[in-house]
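Asks: Structural data only, the sequence is not supplied:
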């Protein structure tokens, strides 16, 4: 199938320019946001680790969901990458070269839709929804902030961010439910004893 080569600037280019104009007018914020947009992904890794740690004191389904979470995020990211190649939307810096950009323009083969960073963030929130609603709420807020930073630095249009969330959430939820069901029996067996027990249960009497 031939790439669509979508021109994203025709969708919400004006909104994108409004955000990057804000970035131009807040130079003191450029460096912190540029740092946060990449390091922010570490927050989602930390949230998954917290979810796993808490799941050690919960039932087998919770631990299965915790173990499935990183796999689910990778699966959602892989789906997004396939879509990215099919849509082949050039980065904003190529369609709107006169706008302000915090980040440098990437290679022509590095497409914009959907946002990979936002996909990982939204997938984490969805995966955590199956494990811990409070952690999922924190992840959801962080995902929204991550999406904003992707537009602020000029790497993505707003619809790239929204599209990433629309793709990531259902993929992560479905994959999480399926994987949780598949590995739950294995988790139950491994929690009864053995070398992996301390990683899967906080104490021998962990509820199952």
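Replies: The structure has been received and is ready for your questions. Quantities reported herein were computed from a predicted structural model and do not represent experimental measurements. Residues are numbered from 1 along each chain as shown.
Asks: Show me where the chain has its helices.
Replies: Using DSSP state H, the helices of the chain run over 9-25, 27-55, 60-87, 92-95, 116-129, 133-152, 158-190, 197-200.
Asks: Can you report how many residues lie near the nearest residue to residue 118 once chain neighbours are set aside?
Replies: Leaving aside its chain neighbours, residue 118 sits nearest to residue 164 (3.8 Å; criterion: CB to CB, 6 or more residues apart in numbering). Every C-beta, even on glycine, is put in place using the N, C-alpha and C of the backbone. Neighbourhood size, residue 164 [other CB atoms under 10 Å]: 31.
Asks: tell me the contacts of residue 164?
Replies: Residues counted as contacts of residue 164 (CB atoms under 8 Å, 6 or more residues apart in numbering) are 80, 114, 115, 116, 117, 118, 119, 122, 147.
Asks: Hmm, the second one is touching residue 169, no?
Replies: The reference is to residue 114. No: with contact defined as CB atoms under 8 Å, residue 114 does not count as touching residue 169 (11.6 Å).
Asks: When the two are compared, which one has more neighbours?
Replies: Taking neighbours as other CB under 10 Å, residue 114 and residue 169 compare with residue 114 leading, 28 against 20.
Asks: nearest residue to residue 154 other than its sequence neighbours?
Replies: Take residue 154 and drop its neighbours on the chain: the residue closest to it by CB to CB, 6+ apart is residue 101, 3.7 Å away.
Asks: For burial, what's the neighbour tally of the residue nearest to residue 169 when sequence neighbours are not counted?
Replies: Spatial nearest neighbour of residue 169, chain neighbours left out: residue 126 (4.7 Å); criterion: CB to CB, 6+ apart. The number of residues packed around residue 126, counting by other CB under 10 Å, is 27.
Asks: Touching, residue 126 and residue 176? I think so.
Replies: Yes: with contact defined as CB under 8 Å, residue 126 and residue 176 form a contacting pair (6.9 Å).
Asks: Give the intersection of the neighbour lists for the two.
Replies: By CB under 8 Å, 6+ apart, residue 126 and residue 176 have these common neighbours: residue 72.
Asks: The closest residue to residue 181 other than its chain neighbours: neighbour count?
Replies: Nearest residue to residue 181, sequence neighbours excluded (CB to CB, 6+ apart): residue 64, at 7.8 Å. The local packing of residue 64 (other CB under 10 Å) involves 25 other residues.
Asks: roughly how far apart are residue 64 and residue 70?
Replies: 13 Å (CB to CB, to the nearest Å).
Asks: Likewise for residue 59?
Replies: Separation of residue 59 from residue 70 (CB to CB): 20 Å.
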